[in-house]
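# when you get a sec, could you give me coordinates for this:
(one chain, ligands or ions: 2)
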Amino acid sequence: MTSAVNDGRSRIIDAGPYEVRISSGLRSEFASIIATVAPAHSYAVITDDNVGPLHAGPLMAALATHGRASLHVMPAGEAHKTRDTWARLTDDLLAAGCGRDTTVVALGGGVVGDLAGFVAATFMRGIPFVQVPTSLLAMIDASVGGKTGVDTAAGKNLVGAFHAPAVVLADVELLATLPVEHRRAGLAEAIKHGVITDAGHFAELSETLPDLLAGQPAATLAAVARSVEIKSSVVKTDVREHGLRKTLNFGHTIGHAIEHASGYALLHGECVAIGMVLEARLAERLGIAEEGTADRIARVLKRAQLPVARPESLSAEQIVAATRLDKKARSGSAEYALPARIGEMANAESGWSIAVADAAVLEALA
Ligand SMILES: NC(=O)c1ccc[n+]([C@@H]2O[C@H](COP(=O)([O-])OP(=O)(O)OC[C@H]3O[C@@H](n4cnc5c(N)ncnc54)[C@H](O)[C@@H]3O)[C@@H](O)[C@H]2O)c1
Ligand SMILES: [Zn+2]
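Ligands and ions are numbered 1, 2, ... in the order given. Okay, here's the model as predicted:
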């Protein structure tokens, strides 16, 4: 069991080299925890122009009592998860006088987390950083695991680094301001965690979906905590993704392809939802997944008001062409992590993913 503290209102999960602290109202303690876990002469808070105006003020004021605090705001959205934004932010930190004795604080969703983490991984050859996720997707998934990076014109997350945070601080009350479509998108990754290792989590998510969509704090805290336990236990076993960590890519080979081919018109979580259904269908056609697996996943995703079918604007050919941009693609095939049934992934013997010929994927997408 990875949970160190569980009193129903707050959770501390041991994610290996760092802790994930989750609770309602944790924001009043953010600054003092950051100053204890990652003490520094200066604190550089990186956020985006949606989250900053809503949530940066109290954090900046509290951090200023522990050292110098500077705020660095990037434009919101996946389109800005780029090397250009990385360059601008690193220049900003230098202009603000940040040096090696700086802790970066990522205050935002997965885009801010990935980018601020990459800034921290590379600034002065690497400085500490703290994840303060503010979207459901970032709390459930992106803030845990130490992957940081940016997108390039050729595809998603193609330039980056492994850089573990000093601590992850999640206050579920910050989700009160999160637009509902982003709440739904976050649920896609939670449902994924159920599919890959825990049928109980899958069933519980399905039952509590109305509360989760409404942002009910107790249900949200329980769902976030269980997802973080699952993700961190997978990552602890395989930090660099040589084996088991590949199971977290379920839904993502096709999901990333749709995300890229649609020009990021769909949210990451929406693309993962579609990707999970299509990849589960592919797994059934290949005789790998139990019959009905794709339909069971689709039913829960639909109840979470997530899309489950290929967008009409994209042909099967366009999606398959975009899977070649995946980091693991070879000519004529791409790598897939596929389920055996709800709660269990297949292909352990071949390192949890297999190459599937484009022709077979095209048939499944048709
Ligand atoms: N590093 C990893 O392991 C990992 C894992 C999963 C996803 N990701 C990455 O995460 C990104 C997606 O994350 P995301 O869905 O959080 O996207 P995001 O960061 O774009 O956030 C979604 C939107 O919600 C806004 N927002 C965030 N918190 C808010 C709040 N509390 N109130 C109001 N608005 C708020 C943001 O400004 C943005 O407009 C993708 O780039 C994906 O590749 C990384
Ligand atoms: Zn994802």
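# could you look up the SS state of residue 17?
Of the three states, residue 17 takes coil according to DSSP: H, G, I helix; E, B strand; the rest coil.
# identify the residue nearest it in space, chain neighbours excluded?
Once flanking residues are discounted, residue 17 sits nearest to residue 164: 5.2 Å by C-beta to C-beta, 6 or more residues apart in numbering. Quick note: C-beta positions are derived from backbone N, CA and C, even for glycine.
# how much space separates the one you found from residue 126?
Distance from residue 164 to residue 126, counting by C-beta to C-beta, to the nearest Å: 11 Å.
# neighbour count: those two, which is higher?
residue 164 (22 against 12; other C-beta atoms under 10 Å).
# for ligand 1, what are the nearby residues on the stretch 151-300 of the chain?
By the rule C-beta under 6 Å from any ligand atom, the part of the stretch 151-300 of the chain lying against ligand 1 is 156-157, 174-175, 177-178, 182, 185, 268.
# quick one on the thing from earlier: OK, contacts around the residue nearest to residue 17?
16-18, 146 (C-beta atoms under 8 Å, 6 or more residues apart in numbering).
# helix, strand, or coil at it?
Going by three-state DSSP: residue 164 is coil.
# and it, what's its pLDDT?
Residue 164 is assigned a predicted lDDT (pLDDT) of 97.
# what's the spacing between it and residue 128?
9 Å.
# residue 194 too?
Applying C-beta to C-beta, the value for residue 194 to residue 128 is 33 Å.
# so for the two, which residue has more residues nearby?
residue 194 (24 against 21).
# now do the more buried one, the pLDDT please.
98.
# surely it touches residue 345?
No - under the criterion of C-beta atoms under 8 Å, residue 194 is not in contact with residue 345, lying 11.8 Å apart.
# what's the neighbour count on residue 242?
Residues lying near residue 242 (other C-beta under 10 Å) number 10.
# if I look at it, how far off is ligand 1?
16 Å (C-beta to the nearest ligand atom, to the nearest Å).
# pretty sure that residue is in a helix, no?
No - checked against three-state DSSP, residue 242 lies outside a helix; its state is coil.
# per-residue pLDDT of the residue nearest to it when sequence neighbours are not counted, please?
Excluding the flanking residues, the one nearest residue 242 by C-beta to C-beta, 6+ apart is residue 351, at 7.3 Å. pLDDT for residue 351: 90.
# which residues does residue 351 contact?
Applying C-beta under 8 Å, 6+ apart, we find residue 351 in contact with 242-243, 246.
# which residue ranges make up the domains of this protein?
Structural domains annotated on the chain: 3-177, 180-365, as defined by automatic domain parsing.
# confirm that residue 340 lies within a helix, as I assumed.
No - counting by three-state DSSP, residue 340 is not found in a helix; it is strand.
# how near is it to ligand 1?
The gap separating residue 340 from ligand 1 is 23 Å, by C-beta to the nearest ligand atom.
# over to residue 233?
Remark: distance between residue 233 and ligand 1 (C-beta to the nearest ligand atom) = 15 Å.
# quick one, phi psi at that residue?
The phi and psi values for residue 233, taken as degrees, to the nearest 10, are phi -70, psi -30.
# what pLDDT does the model give residue 189?
So, for residue 189, pLDDT stands at 97.
# returning to that earlier point: same list (the contacts of residue 351) but as TSV, adding pLDDT.
TSV is the format used below for those (pLDDT from 0 to 100):
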residue	pLDDT
242	90
243	89
246	95
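# with only the CA atoms kept, save stretch 321-335 in CSV.
Backbone C-alpha positions of stretch 321-335 (Å, rounded to 0.1, in the frame of the first residue of the first chain) are rendered in CSV as follows:
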residue,chain,number,x,y,z
ALA,A,321,-0.5,8.6,-40.4
ALA,A,322,-0.3,10.7,-37.2
THR,A,323,0.5,7.6,-35.1
ARG,A,324,3.9,7.5,-36.9
LEU,A,325,4.8,10.7,-35.0
ASP,A,326,4.6,8.7,-31.7
LYS,A,327,8.0,8.4,-30.0
LYS,A,328,7.8,4.6,-30.2
ALA,A,329,6.7,4.2,-33.9
ARG,A,330,8.6,2.1,-36.4
SER,A,331,7.9,2.1,-40.1
GLY,A,332,4.6,0.5,-40.9
SER,A,333,3.6,0.0,-37.2
ALA,A,334,3.2,1.8,-33.9
GLU,A,335,3.4,0.6,-30.3
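# pLDDT weak spots in this structure?
1-8, 327 (pLDDT under 70).
# what segments of it are strands?
Using DSSP state E, the strands found in the chain span residues 3-6, 10-14, 19-23, 42-48, 68-74, 102-108, 129-133, 147-152, 155-162, 167-171, 333-336, 339-341, 344-345, 354-357.
# how far does the second one sit from its chain's centre?
Strand 10-14 has its average C-alpha position 18 Å from the chain's average C-alpha position, going by C-alpha atoms, centre = their mean, to the nearest Å.
# can you check the shortest one too?
Averaging C-alpha positions (C-alpha atoms, centre = their mean) puts strand 344-345 20 Å from its chain's average.
# same check, this time on the longest one
Between the centre of strand 155-162 and the centre of its chain there are 13 Å (C-alpha atoms, centre = their mean).
# can you redo the strands of the chain as CSV with mean neighbour count?
CSV is the format used below for those (neighbours: other C-beta atoms under 10 Å):
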stretch, mean neighbour count
strand 3-6, 13
strand 10-14, 20
strand 19-23, 23
strand 42-48, 25
strand 68-74, 20
strand 102-108, 29
strand 129-133, 29
strand 147-152, 21
strand 155-162, 16
strand 167-171, 26
strand 333-336, 22
strand 339-341, 20
strand 344-345, 20
strand 354-357, 16
